[in-house]
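# Sequence first, predicted model second:
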There are 2 protein chains.
Amino acid sequence: MQIDERDRMILRLLQRDGRISNAELAEKVNLSASACLRRVRLLEEAGFIDHYTMLLNPARIGKPGNAFVNISITRQTREALETFEKEVQKVPEVVECYLLAGQSDYLVHVVYSDTGDYERIHSEVLTQLPGVERVQTVITLREVKRTTELPV
Amino acid sequence: MQIDERDRMILRLLQRDGRISNAELAEKVNLSASACLRRVRLLEEAGFIDHYTMLLNPARIGKPGNAFVNISITRQTREALETFEKEVQKVPEVVECYLLAGQSDYLVHVVYSDTGDYERIHSEVLTQLPGVERVQTVITLREVKRTTELPV
DNA sequence: CAAAAAGAAGGCGTAAAACGCCAATATAAC
DNA sequence: GTTATATTGGCGTTTTACGCCTTCTTTTTG
């Protein structure tokens, strides 16, 4: 499946407002409601659209802190890495985790309430994950930009 | 305003599916439709809910790459930092940017298509931002976890 | 170049959802 | 125990989503 400029405009508008009504979306992209809805459904089925969500205000719900953590794993079997990754998925405070070069180095993005909360996550969660050798934390002071909108 | 366990359940469900119908949401939290809708509207007005969005599949739209970039700024006036931050906001490939300790160090999350695309962003965008002294890139090899859901 | 085929668009009717209003119930204050 | 306040549930109206059919446009093929 191939998308055109109008599809990209639909994707941009849905990124900005995931609850825009189909009628309004159709008007903005100069289509009838039925034609527009058909395109959206196709974009969903073709996998361009992952899912719809609601974004919380982190500060308002008491999770204003962001830390980026470098985690090194003791050189082990592929199975050990898979176990680590499986466990990381379960940690609700971990919002991102990427494998880095080095074959056993991860970059982990953690959200937390306050320094006490981070200390708990550090000592009771991160260091307890299977195979963890070293945990190096970078605390952020302020959020300058954060978006879920990708350029399309 | 103070939220209770039922509000938190509403927030969790909306994070999972931002387009869930009010009727289904109401059923899942054991409320009538009207009572449920009123709670959602209050959560929106009180700022707990930031906004609704649609998340794209990064690979499907041709942006599978993730890089984390440390950017150091030449020690300058507060104005220079503000200018840098203002310009970073405008870069669509930058999805996150945090100020780190050191007063002039930023951590920047960049999405890109391929290595050629990243080279362009590095040399034509990041290094050209006002006051940039050093740009140190960490390329990720694989996405292990990524979510927008915060624990509530 | 024309006829046939395929794809996309628009219009319409029906079902579902959102929303405003009011009464009933539950909770809190005095 | 009574008044005041907040929260809930029910109902009618308006808006939205969605399936179906026809029309129009684009592409293919002889």
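The structure has been received and is ready for your questions. Numbers count the residues shown, from 1 in each chain, chains lettered A, B, ... in the order given.
# got the domain boundaries for chain A?
Annotated domains of chain A cover A:5-45, A:65-139 [automatic domain parsing].
# Checking residue A:54 next. Helix, strand or coil?
Secondary structure, DSSP: H, G, I helix; E, B strand; the rest coil: residue A:54 is strand.
# for it, which residues make a bridge with it?
Using DSSP bridges, the bridge partners assigned to residue A:54 are residue B:52.
# Now that it has come up, it's in contact with residue B:15, right?
Yes. Applying C-beta atoms under 8 Å as the test, residue A:54 and residue B:15 come out as touching, 5.6 Å apart. Glycine gets a C-beta too; all of them are placed from N, C-alpha and C.
# which of those two has more neighbours?
residue A:54 (28 against 19; other C-beta atoms under 10 Å in any protein chain shown).
# Distance-wise, check that one relative to DNA strand D.
Distance of residue A:54 to DNA strand D, computed by C-beta to the nearest atom of the strand, to the nearest Å: 16 Å.
# show me what contacts that residue?
By C-beta atoms under 8 Å, 6 or more residues apart in numbering or on different chains, residue A:54 lies in contact with A:18, B:11, B:14, B:15, B:18, B:49, B:50, B:51, B:52, B:53.
# Just the closest of the residues you listed to DNA strand D, please.
Taking C-beta to the nearest atom of the strand as the measure, DNA strand D sits nearest to residue A:18 out of the contacts of residue A:54, at 10.7 Å.
# Is the lowest-mean-pLDDT helix or strand in chain A in proximity to chain B?
The helix or strand of chain A with the poorest confidence is helix A:78-90; it has a mean of 93 (mean pLDDT, DSSP states H and E). Yes. Where contact is defined by C-beta under 8 Å from any C-beta of the partner chain, part of helix A:78-90 touches chain B, namely A:85, A:88, A:89.
# ok, now which ones touch the most far-flung residue of chain A relative to its centre?
Going by C-alpha atoms, centre = their mean, the residue of chain A most distant from its centre is residue A:32, 33.3 Å out. Contact analysis of residue A:32 by C-beta under 8 Å, 6+ apart lists residue A:26.
# From chain B, how far off is it?
Using C-beta to the nearest C-beta, to the nearest Å, residue A:32 is found at 21 Å from chain B.
# Please apply the same query to residue A:53.
4 Å.
# before we move on, the earlier item: among the residues of helix A:78-90 next to chain B, name the buried ones.
Burial by neighbour count, 16 or more other C-beta atoms under 10 Å in any protein chain shown: within the residues of helix A:78-90 next to chain B this picks out A:85, A:88.
# Could you export the residues of helix A:78-90 next to chain B as CSV, including distance to DNA strand C?
Output for the residues of helix A:78-90 next to chain B, formatted as CSV (distance: C-beta to the nearest atom of the strand, whole Å):
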residue, distance to DNA strand C
A:85, 36
A:88, 34
A:89, 30
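# From the residues of helix A:78-90 next to chain B, pick the one nearest residue B:102.
Distance to residue B:102 across the residues of helix A:78-90 next to chain B (C-beta to C-beta) is lowest for residue A:88, with 27.8 Å.
# check contacts around that closest one.
Taking C-beta under 8 Å, 6+ apart, we find residue A:88 in contact with A:94, A:97, A:106, A:108, A:129, B:144, B:145.
# same question, residue A:152
A:8, A:11, A:12, A:15, B:56, B:61.
# Filter the contacts of residue A:54 down to the buried ones and express that as a ChimeraX selection.
The buried residues among the contacts of residue A:54 can be selected in ChimeraX (16+ other C-beta under 10 Å) with this line:
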select /A:18 /B:11,14,15,18,49,51,52,53
